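Student: Sequence isn't available, so here's the structure alone:
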């Protein structure tokens, strides 16, 4: 039996030893297991991913609910040096629920101690109405501590986000306002509404708070001297279009959140559309040079004292102007008839094309929406004549700044901008005016300021090589022109290598009888404004501005 | 060969879990640091806002009229000199070069 068993065992062993198929089957089972494990892994990962997605969707929705004030969030705005112009801060409002007040008189005494300036007759009336009301908005942390230490259950603090403007009026037209629903309604707050709501990074502007302050200070000072209706100034880099300062006066304190309805508060720098007068003569001369029809020494002989065109008579402002003038002299002495002659040599199509090229005829694209549209007109022989010396044509001070920048920067196109970009993003724009035109125009602009024959001597500030052109124009009224004036100075400096364009516009200035002018091109001073012209008003303002901002631009201002 | 693949997969799973474990610790540390930075950043922004307000041009002019009106004098830009270092030598030049043509 045992023998038989042994044999059987041996037989079984043998069977096992040669059973390769079984071994193969084992391997198959192993691979099927791996496939199964992979399958399980895949299933787990799918379930895990679904779970993750589900959690992710819950998280994003949950955040918005858990921070109720996130809807009031807007990104900060800083100037080119990183100074805050607008900042979103959390603030605490105090509300009172009269139903929960235990002792009204005691509460009123305590509130009077903390907020002595409030009208407590009104507060008492509100307390008696038994309806919840806002007692004080945006309280300081010390007052918050005091009011909470009262331990009164009826006092309800409410945290909310608020936007504060540390520079007050300084950038009111640039920054603009927001409404109670946290939507931008003007300025950059409106045009960058979505970006400000979504971005975590502050919006960096090209403006400089210090320079803006100094320019505004001069505009405010001269507003009282020349009693103008309003004024505007733009300082721009001629090479990249960065606006370093843009002031329109009168302005408003953004912190007060007032509804501005008075039209006198419009942004004169961008929205104001004006007939700017003789500042356009520079364009007529530049167009003539561009077309090769004139040179700076081209002579115009026997120029009339007056020209008749249809119903209008074109006369010279300066009766002493000689009849024979070169192109350079026409621009320096601001000759109307000479400019008309250059315009006539150009003809409509060439002058129109040039003005379109430098961007003064059509509405300009800009970073804020408050941009004026030049009034369209029909070209004709008389229109050509008046446009040649800057009348019967309108534009905005911003477009004037752009045009003077192109004329002085070598003829390269630029777009005025308020938003700071990385310096490597700036690409030299395409040339739109022939090479050499700037080199011919800027010395003439310099002579307008530096010589006695010029009309802008009061802006000749030592050390800054100021050049520019004046423009005095009567404001239009129904059926003609009024006596009210718009006096403009379009300046560039330094003329040997232009970097900045400065536009100063005074809207309806009056003469001053006691203002003392210090002569720049000769010794002495003069009391009282002899003529209500740009040369005696806006040029004086521009001179004072350059005197103030010049040291900052020359020493501290970094071109980046 | 197939066993080698299995071993490689096993080793990869093991190293992944180890790496993941160590990165989790780093992630935790980063989270804690970020949470500590957040109030500091907020405080810095508030301080900067206060600094901007106190050093705003309007305030500086107020301080000037109150404290330094007689002490501060205006210097002509033409009198300002610029010092530049050139091969260990100091060069003193006018900040604004007067144009020869004028």
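Tutor: Happy to help now that I have it. The model shown is predicted, which means the values in this text are computed figures rather than measured ones.

Student: Give me the longest helix you can find in chain B.
Tutor: Ranked by number of residues, the top helix in chain B under DSSP state H is helix B:2-54.

Student: can you count the residues close to residue A:197?
Tutor: 16 (other CB atoms under 10 Å in any protein chain shown). Placement of C-beta: from N, CA and C, glycine included.

Student: Can you classify it as helix, strand or coil?
Tutor: Following DSSP: H, G, I helix; E, B strand; the rest coil, residue A:197 is assigned to helix.

Student: what's the closest non-adjacent residue to it?
Tutor: In this structure, residue A:197 finds its nearest non-sequential neighbour in residue A:74, 5.9 Å apart by CB to CB, 6 or more residues apart in numbering or on different chains.

Student: just checking, the one you found touches residue A:162?
Tutor: No. Residue A:74 sits out of contact with residue A:162 when judged by CB atoms under 8 Å, with a separation of 10.2 Å.

Student: In terms of neighbours, single out the busier of these two.
Tutor: Neighbours per residue, other CB under 10 Å: of residue A:74 and residue A:162, the larger number sits with residue A:74, 23 against 17.

Student: what residues are up against that one?
Tutor: Residues in contact with residue A:74, defined by CB atoms under 8 Å, 6 or more residues apart in numbering or on different chains, are A:86, A:88, A:163, A:178, A:182, A:189, A:196-197.

Student: Can you flag which of those residues belong to helices?
Tutor: Using DSSP H, the contacts of residue A:74 in helices are A:189, A:196-197.

Student: quick check, nearest of these to chain B?
Tutor: Of all these, residue A:196 has the smallest distance to chain B: 16.2 Å, by CB to the nearest CB.

Student: What's the local residue count around that closest one?
Tutor: When neighbours are counted by other CB under 10 Å, residue A:196 registers 24.

Student: List the residues that contact it.
Tutor: By CB under 8 Å, 6+ apart, the contact list for residue A:196 reads A:74-75, A:77, A:184, A:188-189, A:203.

Student: Name the residues contacting each of residue A:74 and residue A:162.
Tutor: Taking CB under 8 Å, 6+ apart as the contact rule, residue A:74 and residue A:162 both touch residue A:88.

Student: could the contacts of residue A:74 go into CSV alongside pLDDT?
Tutor: Shown next, in CSV, are the contacts of residue A:74 (pLDDT from 0 to 100):
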residue, pLDDT
A:86, 94
A:88, 90
A:163, 89
A:178, 92
A:182, 87
A:189, 95
A:196, 94
A:197, 93
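
Student: I'd like to know how far residue B:21 sits from residue A:49.
Tutor: Relative to residue A:49, residue B:21 is positioned 21 Å away (CB to CB, to the nearest Å).

Student: With residue A:127 instead?
Tutor: Taking CB to CB as the measure, residue A:127 falls 58 Å from residue A:49.

Student: Tell me which of these two has more neighbours.
Tutor: More crowded of residue A:127 and residue A:49, by other CB under 10 Å: residue A:127, with 20 against 10.

Student: what's the burial count for the nearest residue to that one once chain neighbours are set aside?
Tutor: Leaving aside its sequence neighbours, residue A:127 sits nearest to residue A:98 (CB to CB, 6+ apart; 4.8 Å). By the criterion of other CB under 10 Å, residue A:98 has 16 neighbours.

Student: need the contact list for residue A:98.
Tutor: The contact partners of residue A:98, by CB under 8 Å, 6+ apart, come to A:104, A:126-133, A:154.

Student: contacting residues for residue A:432?
Tutor: Residue A:432 makes contact with A:357-358, A:406, A:411-413, according to CB under 8 Å, 6+ apart.

Student: ok, and the most crowded of these?
Tutor: Neighbour counts for the contacts of residue A:432, by other CB under 10 Å, peak at residue A:406, which reaches 27 neighbours.

Student: And the residue nearest to residue A:255 when sequence neighbours are not counted, how far from residue A:178?
Tutor: Nearest residue to residue A:255, sequence neighbours excluded (CB to CB, 6+ apart): residue A:165, at 5.2 Å. For residue A:165, the distance to residue A:178 (CB to CB) stands at 11 Å.

Student: go on, residue A:327?
Tutor: Distance from residue A:327 to residue A:178, by CB to CB: 51 Å.

Student: the more surrounded of these two?
Tutor: residue A:327 (25 against 22).

Student: can you pull the contacts of the more buried one?
Tutor: Neighbouring residues of residue A:327 by CB under 8 Å, 6+ apart: A:285, A:288, A:294-298, A:300, A:338, A:342.

Student: again, 7 Å this time
Tutor: A:285, A:294-296, A:298, A:342 (CB atoms under 7 Å, 6 or more residues apart in numbering or on different chains).

Student: number of nearby residues for the residue in the stretch 401-550 of chain A that chain B sits nearest to?
Tutor: Closest residue of the stretch 401-550 of chain A to chain B, CB to the nearest CB: residue A:463 (4.2 Å). As a burial measure, residue A:463 scores 23 neighbours (other CB under 10 Å).

Student: Looking at stretch A:507-519 now, give me its mean pLDDT.
Tutor: Across stretch A:507-519, the average pLDDT comes to 94.

Student: that older thread, can you tell me which of the contacts of residue A:327 is nearest chain B?
Tutor: Using CB to the nearest CB, residue A:296 comes nearest to chain B of the contacts of residue A:327, at 15.1 Å.

Student: The closest one - that's part of a helix, no?
Tutor: No. Applying three-state DSSP, one finds residue A:296 to be coil, outside a helix.

Student: Nothing else from me, thank you.
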